[in-house]
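> Provided below are the primary sequence and the corresponding predicted coordinates.
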Amino acid sequence: MFTLMDKADIISFAGGVPSPYALPVEQLRELADEILKTAGRQVLQYSNIDGYGPLRDWIAETVAARGIKATRDNALILSGGQQGIDLSAKALLNPGDNVLLERPTYLAAITIFKTYEVGFRPVRSDDQGIVPESFEEAILRYKPKMLYVVPTFQNPTGVTIPEERRRAIAEIAGRYGVIVLEDDPYAQLRYDGEPIPSIASFDTEGVVIHVSSFSKIVSPGLRVGYAVAPVEIRDRLAQVKQTTDFHTSNLSQRLIYEFCSRGMLEPHLDSVKQTYKAKRDAALKGMEKYFPEGVRWTHPDGGLFVWVTLPEHIDTSELMKAAAERKVAFIPGVPFYFDETGKNSMRINFSNASFEMLDEGLSRLGAVIRDAM
Ligand code: PMP
């Protein structure tokens with residue numbers, strides 16, 4: 001994917017990356033200078049596994065907006081949200097344990113869970129995400145240890161689980177003692193509608209791990225994310241993190257902390273969201289304009305992705321070759337499924353391409369799809 005994106009003449013809807021113009025380069029450059037001047041000997045030294053204390057406090061305050069009651073003791077700074085998935089699997093799962101996943105789900109999560117040799121079991125989703133009754137049925141049938149879920153503007157579908165379902169998921173998980181890994185890096189990229197409390201906010205039994213990240217709202221290159229979890233679970237994650245990377249980069253943590261605590265995040269996020277909302281609208285308009293009859297797609301209220309479903313007979317992995325010839329790229333659906341299904345689907349990222357490229361790329365993709373119909 002990244003190799004394809006590097007080819008200058010390809011219009012890529014493949015990555016999940018922020019627009020290069022949405023990265024606050026100048027502000028971070030000035031902050032880095034100041035941090036190295038005033039605290040250089042601390043940030044360039046080793047530090048503790050838990051992360052920078054003031055950043056942990058800031059996170060505990062921030063997640064209150066998602067309904068989560070937390071203190072510094074619940075927060076663990078991660079080297080990206082991705083590490084939260086890895087550490088949760090490493091700390092809490094044994095080979096052969098069952099994990100429930102949505103179909104489709106975040107493809108890297110599938111890869112991570114594979115390395116821990118767990119069993120993959122499906123939980124049914126519709127256009128409002130996980131169906132709670134199906135979650136309970138799957139618990140009774142498969143006796144899973146964990147549910148992995150991306151509840152807001154899911155990667156890859158853009159679907160969001162509504163509040164009542166979140167409450168039900170937390171309640172069912174608590175009742176059966178199933179851990180919920182709530183991977184929520186897109187919640188702050190909302191373009192329409194009101195924010196919804198997280199699944200963790202409804203957790204009364206201490207079973208939900210809430211993972212999020214600064215990748216999509218500030219910078220993915222700094223590699224800073226966090227987990228907020230019941231203390232006992234958080235401590236186990238910290239323990240396994242120690243063997244992985246000692247701690248997250250001090251300089252990255254300080255940059256994120258200063259950026260957020262000095263009030264730079266809100267105006268930055270407002271401007272980023274404004275652009276992404278316009279890009280989402282342009283993407284949906286382009287699909288309407290160029291995609292043939294018989295193609296369906298999601299209408300996300302936020303995030304970075306639209307999920308496209310083609311007629312059954314079209315295999316998007318095959319379609320990729322024709323698309324590459326016309327210099328347009330997407331991710332085919334199959335890698336987002338742990339059971340090799342989803343052949344006729346594809347993920348479209350709308351945040352990275354410029355407005356002109358969005359229109360031109362969707363026109364090319366429309367032609368490729370029409371040829372395959
Ligand atoms: N979870 C989901 C659902 C994602 O889409 C991503 C990024 N593509 C991540 C986790 C990992 O992001 P990061 O490690 O950069 O925070």
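Good, I have the coordinates.
> residues touching the one residue sitting closest to the centre of the chain, list them.
Residue closest to the average C-alpha location in the chain (Cα atoms, centre = their mean): residue 185, at 4.4 Å. By Cβ atoms under 8 Å, 6 or more residues apart in numbering, the residues touching residue 185 are 81, 211, 212, 213, 215, 216, 225. The C-beta positions use only the backbone N, C-alpha and C, and glycine is treated the same way.
> name the nearest residue to it, ignoring sequence neighbours.
residue 213 (4.3 Å; Cβ to Cβ, 6 or more residues apart in numbering).
> thinking again about what came up before, and what about the residue nearest to the centre of the chain, helix, strand or coil?
Here residue 185 is recorded as coil under DSSP: H, G, I helix; E, B strand; the rest coil.
> what's the separation between the residue nearest to residue 185 and residue 226?
Remark: distance between residue 213 and residue 226 (Cβ to Cβ, to the nearest Å) = 7 Å.
> give the contact list for residue 234.
With Cβ under 8 Å, 6+ apart, residue 234 has these contacts: 73, 74, 75, 76, 227, 228.
> likewise residue 184?
66, 150, 151, 152, 198, 210, 211, 212.
> what strand or helix carries the last one?
It stands for residue 212. strand 208-213 (DSSP states H and E).
> tell me which helix or strand comes right after that strand.
Using DSSP H and E, the next helix or strand after strand 208-213 towards the C-terminus is strand 225-228.
> tell me the buried residues in the helix or strand following that following strand?
Per DSSP H and E, strand 225-228 leads on to helix 231-245 as the next helix or strand towards the C-terminus. Buried residues in helix 231-245, counting neighbours by 16 or more other Cβ atoms under 10 Å, are found at 233, 234, 236, 237, 238, 241.
> so which of the contacts of residue 184 also contact the ligand?
Restricting the contacts of residue 184 to those touching the ligand (Cβ under 6 Å from any ligand atom) yields residue 150.
> out of the contacts of residue 184, which one sits closest to residue 191?
Closest approach to residue 191 among these (Cβ to Cβ): residue 152, at 12.1 Å.
> shouldn't the closest one be in contact with residue 196?
Yes - in this structure, residue 152 is within contact of residue 196 by Cβ atoms under 8 Å, at 7.1 Å.
> who's in contact with residue 11?
The contact partners of residue 11, by Cβ under 8 Å, 6+ apart, come to 327, 328, 329, 353, 357, 360, 361, 364.
> near the ligand, which residues of the chain?
Counting by Cβ under 6 Å from any ligand atom, the residues of the chain that sit close to the ligand are 16, 80-82, 106, 150, 155, 183, 185, 213, 215, 220, 225.
> bridged to the residue nearest to residue 185, which residues?
Beta-bridge partners of residue 213, counted by DSSP bridges, are residue 225.
> with only the CA atoms kept, save stretch 268-283 in PDB.
Presented in PDB, the C-alpha positions along stretch 268-283 are these (Å, rounded to 0.1, in the frame of the first residue of the first chain):
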ATOM      1  CA  HIS A 268      -6.400  22.500  14.900                       C
ATOM      2  CA  LEU A 269      -9.100  19.900  15.100                       C
ATOM      3  CA  ASP A 270     -11.800  22.300  14.000                       C
ATOM      4  CA  SER A 271      -9.900  23.200  10.900                       C
ATOM      5  CA  VAL A 272      -9.000  19.500  10.100                       C
ATOM      6  CA  LYS A 273     -12.600  18.500  10.600                       C
ATOM      7  CA  GLN A 274     -13.800  21.200   8.300                       C
ATOM      8  CA  THR A 275     -11.500  20.000   5.500                       C
ATOM      9  CA  TYR A 276     -12.300  16.300   6.000                       C
ATOM     10  CA  LYS A 277     -16.000  17.000   6.100                       C
ATOM     11  CA  ALA A 278     -15.800  18.700   2.700                       C
ATOM     12  CA  LYS A 279     -13.700  15.800   1.400                       C
ATOM     13  CA  ARG A 280     -16.200  13.300   2.700                       C
ATOM     14  CA  ASP A 281     -18.900  15.200   0.900                       C
ATOM     15  CA  ALA A 282     -16.800  15.400  -2.300                       C
ATOM     16  CA  ALA A 283     -16.200  11.600  -2.100                       C
END
